[in-house]
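> next one to model:
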Amino acid sequence: MPDFSQHQIIINSVRLNYYRTGSGPAVILVHGLTDHALYWSALARALAADYDMVMYDSRGHGASDPSPTDYRLETLAGDLATLVGSLGLVRPAVIGHSMGASTASIAAATHPGLFRAIVLEDPVWRSVTPEGTPDMATVQMGWRADLLTMKAMDRAALLARVRGESPGWSDEDYEQWVDSKRAVNPDALGVLPSFARIWPDDVRAIDCPLLLLTGEPERGAIVDPGAAEIVRQLQPEARIVRINGVGHQVRREGFATYLREVREFLRQAP
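Reported below is the predicted structural model:
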């Protein structure tokens, strides 16, 4: 099992923590809201023989510092683009989940030529009209209350909770989930209002090969068939894979299929 070297770097006046393992073309990994970099541990180990795997804690998450003012998706995308340049990565591939997938798509859209390939695991893309969009102020208030409740729980209780809510994950995923919830700054939930961004504009501007991985909306996946069709129309060459039997946590719930799709996509990317 490869070791992960741990580093810190100042990006846009915020100290970010990141891990690195493997060798070869670079792949940078962007986690979701209230997760952390080590969410990607299993994938990083699986790909480290062929790729330089870089996984970082977004501001306010994991071992990274909180943001002094701003958690908007646009700011997180700026952090990603700056990190790529500061580490000297030349057109890395990028893989993002949920908030991290939306972050990666914005970075690709606003920084042409930044990535050689992009993998998006169930980004926050819905086909609903604005009238059907959840009220993010209400979502943020409820999520914050739940997060504070989790932070007051001991580790054993948190593990019992996630095992009950998410059967079938690996033991490592359960442990990482607990670690991430205990580490995240609740202010990071300030990203939620920016999910109202008009995401098809970002899809249209992506200038590299695109793999979209999602699950079944009935199981909690965010990308519904309407959103997937919008992606297909805007990026006809994109590969769109809906994995049966999984929800929003595509990698955690369907790792074997996920890894096969990602490995083949990266192999074929120019």
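
> list phi and psi for Val30.
Phi and psi for Val30, reported as degrees, to the nearest 10, are phi -120, psi 110.

> does it touch Ser105 like I think?
No. Between Val30 and Ser105 there is no contact, the gap being 10.0 Å when judged by C-beta atoms under 8 Å. Every residue, glycine included, has its C-beta placed from N, CA and C.

> anything in contact with each of the two?
Among the neighbours of Val30, those also in contact with Ser105 (C-beta atoms under 8 Å, 6 or more residues apart in numbering) are Gly96.

> neighbour count for these two, which is higher?
Neighbours per residue (other C-beta atoms under 10 Å) separate Val30 from Ser105, with Val30 holding more: 31 against 27.

> could I get the pLDDT score of Thr69?
Here, the pLDDT recorded for Thr69 equals 85.

> now do Gly132
Taken from the predicted model, the pLDDT recorded for Gly132 is 50.

> and what of Ala117?
Confidence score, pLDDT, at Ala117: 99.

> what do you get for Pro2?
53.

> and for the helix or strand where Val178 lies, what are the contacting residues?
Secondary structure here is read from DSSP states H and E; on that basis Val178 sits in helix 171-183. By C-beta under 8 Å, 6+ apart, the surrounding residues in contact with helix 171-183 are 31, 34-36, 38-39, 41-42, 61-63, 147, 150-151, 155, 158-159, 162-163, 166, 169, 252.

> which of those fall within helices?
Filtering the contacts of helix 171-183 for membership in helices, criterion DSSP state H, returns 41-42, 147, 150-151, 155, 158-159, 162-163, 252.

> so who does Arg204 touch?
Shown here is Arg204, whose contacts under the criterion C-beta under 8 Å, 6+ apart are 109, 234-235.
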